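S.K.: Prediction below, plus the sequence it came from.
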Amino acid sequence: MTKLSAPTIARLRAALLDWYDRSGRTLPWRLRPEDRAVGRQADAYAVWLSEIMLQQTTVPHATPYWHRFLEAWPTVEGLAAEDDDAILTAWAGLGYYARARNLIACARQVAGSGGVFPETLEGLKSLPGIGDYTANAILAAAFDKPASVVDGNVERVIARMFRVETPLPKAKKDITALAGQIADPGRPGDYAQAIMDLGATVCTPRSPDCGTCPWRPDCAAHASGDQTAYPRKMPKKVKPVRRGIVWRVERDGRVWLRKRPDSGLLGGMMEVPGSEWTSDVPTDDPPFTADWTALPQVRHVFTHFTLILDVWRADAPAGWSPEDGIWAHLNDLGAYALPSVYRKTLAE
C-alpha cells in the first residue's frame, strides 16, 4: 500500500476542504462549515435517520422520506413509540425493508437508553442496523469526531487517485487504509462529507468532471487518461431468476392484500397474495374458479436475484371471502406498507 508523505496529505486535505467550503452540497441533515462556525450542533437523530435511508438509496429519493419521518416523528422517542405497521407504511418505496426493521429496533434501543446516541465508534456499531461505514458517517457528521468514512463514492475517488489495480471488493482494505491517511482530524465532519460530495458530484462513475476537481493535480488516473477504468471490479455474477404468481383479486374498487410473515424478505410488509417464489414456473391453482385475466408480467430486481411475476386478475365472486387479509381501496394504497414489487402488480 502507498504511504503518503506529510506534505501530500496536508495538500490534499487543504484542497478538498477549500473546495467543500465553496462547492459542497447543502443537505437538510447536514451542518455546513458556516453552521459549525457559529456553534450550531447537528441533530444526531436526524443524521442517523438520513444515513439509514441512504444506505441503499440516492439523496434525491431519500430526502422526501426523511422530511416525512421527521414531521411525523421529530424525536427518536416518538419513532420508538410508534406502531411497526405505521413505520413500515411510511418506509414503503425506500426498499431493502430489513433496514426499516432495524430502524425500529435501533430507535427503541436508543430511546431505552435515554434517547441519546453513543458518541463512540463501538457504541454506534452495537446498535441494530449500524455497521462500520454508517457508524463512521454518524460519528463524523453528528459529532464532528475523527472517522474514516468509505462508501462507494469514496472508493471510486481513492481508486482513481492512486490507480488501485486490485479489483473490488478485494481492494476495500487498501482503499480504506489510503482514505484513512488523508482523513482530516482537524475538521472530521466537514472532511467526511467533502470526500463523499466529491465522489457524488465530481468524480462520478461515467463522466467525471475532472476540470473542477480539487484533487486533479494529484490524480494518477487523470494523468493516465483512464479515469473510468477505476475502480477495477470483478466480473458481475449473473443473478438467478425466480418465478411466481400473483392473484390480483378485486371487489368494489378494492383489492385483496395480506401481511407477509415478520421474518424473511419483505417481512412484515403487505403483499398481493400469490405463490412461493421458486426457480421453476409455478403451477399453483388460483384461490377460486373464475375468468382470470392475464396482466403484463412484472419484473423486479432484488439484490441477489431477479423476480418475474405472472399477474392474474379476477373479481371476487359473491359470497367468497379470504381466510386472511384485508380489502384495500385501490385509490388508498399509500396507506399500506406495500413494497414496490407489489405496487407494480397493481399498476395496470
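M.R.: Yep, that arrived. Residues are numbered from 1 along each chain as shown.

S.K.: For stretch 309-316, buried residues please.
M.R.: L309, D310, V311, W312, R313, A314, A316 (16 or more other CB atoms under 10 Å). Backbone N, C-alpha and C define where each C-beta goes, glycine included.

S.K.: And the contacts of it?
M.R.: For stretch 309-316, contacts defined as CB atoms under 8 Å, 6 or more residues apart in numbering pick out 243-251, 256, 274, 282, 286, 288, 290-300, 341, 345, 348.

S.K.: Am I right that D21 is in contact with A37?
M.R.: No. Applying CB atoms under 8 Å, one finds D21 not in contact with A37, separated by 10.3 Å.

S.K.: okay, the two: which has more neighbours?
M.R.: D21 (14 against 9; other CB atoms under 10 Å).

S.K.: Name the nearest residue to the more buried one, sequence neighbours excluded.
M.R.: Closest residue in space to D21, ignoring its immediate chain neighbours: P33 at 5.3 Å, by CB to CB, 6 or more residues apart in numbering.

S.K.: give the contact list for the one you found.
M.R.: Y20, D21, G24, R187, D190 are the contacts of P33 under CB under 8 Å, 6+ apart.

S.K.: and these, which two are the farthest apart?
M.R.: G24 and R187 (11.8 Å; CB to CB).

S.K.: Reformat the buried residues of stretch 309-316 into CSV and put distance to Y336 next to each item.
M.R.: Compiled in CSV, those are given as follows (distance: CB to CB, whole Å):
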residue, distance to Y336
L309, 18
D310, 23
V311, 18
W312, 21
R313, 18
A314, 21
A316, 18
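
S.K.: Do a quick rundown of the strands in the stretch 51-200 of the chain.
M.R.: Secondary structure of the stretch 51-200 of the chain by DSSP state E, counting those that start in this stretch: no strands are present.

S.K.: ok, D190 touching A37?
M.R.: No. Contact criterion CB under 8 Å: D190 and A37 do not qualify, at 10.6 Å.

S.K.: any chance of the buried residues of stretch 309-316 in JSON lines, plus distance to I52, secondary structure and pLDDT?
M.R.: Below are those laid out as JSON lines (distance: CB to CB, whole Å; DSSP: H, G, I helix; E, B strand; the rest coil; pLDDT from 0 to 100):
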{"residue": "L309", "distance to I52": "28", "secondary structure": "strand", "pLDDT": "95"}
{"residue": "D310", "distance to I52": "34", "secondary structure": "strand", "pLDDT": "94"}
{"residue": "V311", "distance to I52": "32", "secondary structure": "strand", "pLDDT": "95"}
{"residue": "W312", "distance to I52": "36", "secondary structure": "strand", "pLDDT": "95"}
{"residue": "R313", "distance to I52": "36", "secondary structure": "strand", "pLDDT": "95"}
{"residue": "A314", "distance to I52": "40", "secondary structure": "strand", "pLDDT": "94"}
{"residue": "A316", "distance to I52": "39", "secondary structure": "coil", "pLDDT": "92"}
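
S.K.: ok, the residues you listed vs W48, which is closest?
M.R.: For the buried residues of stretch 309-316, the nearest to W48 is L309 (34.6 Å; CB to CB).

S.K.: what about the closest residue to that closest one other than its chain neighbours, which SS state?
M.R.: Nearest residue to L309, sequence neighbours excluded (CB to CB, 6+ apart): V298, at 4.3 Å. Using DSSP: H, G, I helix; E, B strand; the rest coil as the criterion, the local structure at V298 reads strand.

S.K.: For V298, give me its contacts.
M.R.: V246, L307, I308, L309, V311, V341, K344, T345.

S.K.: What helix or strand is the spatially closest residue to S279 that is not a sequence neighbour located in?
M.R.: The shortest distance from S279 to any non-neighbouring residue, by CB to CB, 6+ apart, is to R242 (6.2 Å). Per DSSP states H and E, R242 falls inside strand 241-251.

S.K.: helix or strand right after that strand?
M.R.: strand 254-259.

S.K.: Quick one: buried ones out of the contacts of stretch 309-316?
M.R.: 243-249, 256, 274, 290, 295, 298, 300, 341, 345.

S.K.: wait, isn't F143 in contact with E119?
M.R.: Yes. Judged on CB under 8 Å, F143 makes contact with E119 at a distance of 5.0 Å.

S.K.: The two: which has the busier surroundings?
M.R.: With neighbours defined as other CB under 10 Å, F143 and E119 compare such that F143 has more, 20 against 13.

S.K.: which residues does that one contact?
M.R.: F143 neighbours (CB under 8 Å, 6+ apart): A42, A44, E119, G189.

S.K.: close enough to count as contact, the last one and R36?
M.R.: Spelled out, it's G189. Yes. Using CB under 8 Å, G189 is in contact with R36, at 7.3 Å.

S.K.: Overlap in contacts, the two.
M.R.: D144.

S.K.: So for this protein, which residue is the most central one in space?
M.R.: Q56 (2.1 Å; CA atoms, centre = their mean).

S.K.: List phi and psi for it.
M.R.: phi -140, psi 30 (degrees, to the nearest 10).

S.K.: so what's the residue nearest to it when sequence neighbours are not counted up against?
M.R.: Computed as CB to CB, 6+ apart, the closest residue to Q56 that is not its neighbour in sequence is Y96, at 4.6 Å. Neighbour list for Y96: Q55, Q56, T57, T303 [criterion: CB under 8 Å, 6+ apart].

S.K.: Fine, thanks again, bye for now.
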